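Colleague: return a 3D structure for these sequence lines:
(one chain, ligands or ions: 1)
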Amino acid sequence: TDIGSQKDRVVSEEEWLQKWEMGNTGFHKEQGHPLLQKYLDVLLNGRSGLRIFFPLCGKAVEMKWLADVGHSVVGVEISEQALKDFFAEHSLPYCEEPVPEISGAKKLQSTSGNISLYCCSIYDLSSSILGKFDGVWDRGALVAVNPRDRQRYVSLMMTLMEENSSYLLVTVSYDPNKHKGPPFYVPESEIKSLFG
Ligand code: SAH
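Modeller: Residues are numbered from 1 along each chain as shown. As a prediction, this is how the structure comes out:
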C-alpha cells in the first residue's frame, strides 16, 4: 500500500532547501493557521509570558502572533532563507550569532529578544541548548518528519517539555492511497503510540 511505501520514503534536507529556493512553499500560510486561533486558550491555559517552541518552523506567521502578545518564541528550521524571510516580511530587525555547541548552526534573534530562531537540524538540538518549553505548536512538523525519524523526533520533543506544557499538534486526515502528502500521513493510532 501507499502507507507502506510512505514508511520508507525520505525527504532529504537538500530537498527542503530546494523547495525554499524554488518557492515551492505551498505549505506556508500567509494568514496563519485558524486552528491556532481556535485552540489558543488550550495552549496558553490561562498562563502568560510563556516560552513556546515551533519545531520545523519555516516562516510561520504564528510566531509573530505569539510574540506580539508577550510570549517568547523559539523556532528551529534548516532553511536560512525561510528564517530571513520571516524577519524581513514582518520588518523585524534581528541579529545573528553562532551556536557554540553546534558547528555551522546559527541563531537569528529579533532585536527585541523575544523571537529566537535556530538555523540547524532539529536533531542537533537538545534541552541543554534550548531549555524547556511551556507550549509547542506543531504544524507541518511531525507530518514533515521522515517516518523513520518519528520516534527520535517525539522523544526529543518530550525532553523539551516542562511538566505542565501543552502541545498542539496539527495533522491531516486523508486517504494516503489517494494523496501523496502533506508530506507524510500520520494516523491517530500512530500519534497515540508515539506520544503514549
Ligand atoms: N511549520 C511550518 C513549516 C512546515 S514545512 C509552517 O507551519 O509553515 C516543514 C519545514 O521543516 C520546512 O520549512 C523544512 O525546511 C523544515 N525542516 C525539514 N527538516 C528539518 C530538520 N531536520 N530540522 C529543522 N527543520 C527542518
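Colleague: near the ligand, which residues of the protein show up?
Modeller: 13, 16, 27-28, 56-58, 60, 76-79, 82, 121-123, 139-141, 144 (Cβ under 6 Å from any ligand atom). Just so you know, the C-beta spots here come from the backbone N, C-alpha and C atoms, and that holds for glycine as well.
Colleague: low pLDDT regions in the protein?
Modeller: For the chain, applying pLDDT under 70 flags the ranges 1-5.
Colleague: so how far is S103 from the spatially most central residue of it?
Modeller: Nearest to the mean C-alpha position of the chain, by Cα atoms, centre = their mean, lies P55 at 2.4 Å. Shown here: P55 relative to S103, a distance of 21 Å by Cβ to Cβ, to the nearest Å.
Colleague: how about P183?
Modeller: 28 Å.
Colleague: and Y153, how many neighbours does it have?
Modeller: 20 (other Cβ atoms under 10 Å).
Colleague: residues contacting it?
Modeller: The contact partners of Y153, by Cβ atoms under 8 Å, 6 or more residues apart in numbering, come to P55, I122, Y123, L142, V145.
Colleague: is it possible to mark the buried ones in those residues?
Modeller: Buried subset of the contacts of Y153 (neighbour count, 16 or more other Cβ atoms under 10 Å): P55, I122, L142, V145.
Colleague: show me what the top strand by length along the chain packs onto, helices and strands only.
Modeller: Criterion DSSP state E: the longest strand present in the chain is strand 161-170. Packed against strand 161-170 by the contact rule (3 or more Cβ pairs under 8 Å, 6 or more residues apart in numbering; DSSP states H and E) you find helix 34-44, strand 133-139.
Colleague: just checking: what are the partner strands of the shortest one?
Modeller: Right, strand 133-139. strand 51-54 (parallel), strand 161-170 (parallel) (DSSP bridges).
Colleague: pull the residues that contact it.
Modeller: 33, 35-36, 43-44, 47, 50-55, 60, 62, 66, 71, 74, 157, 160-162, 164-170.
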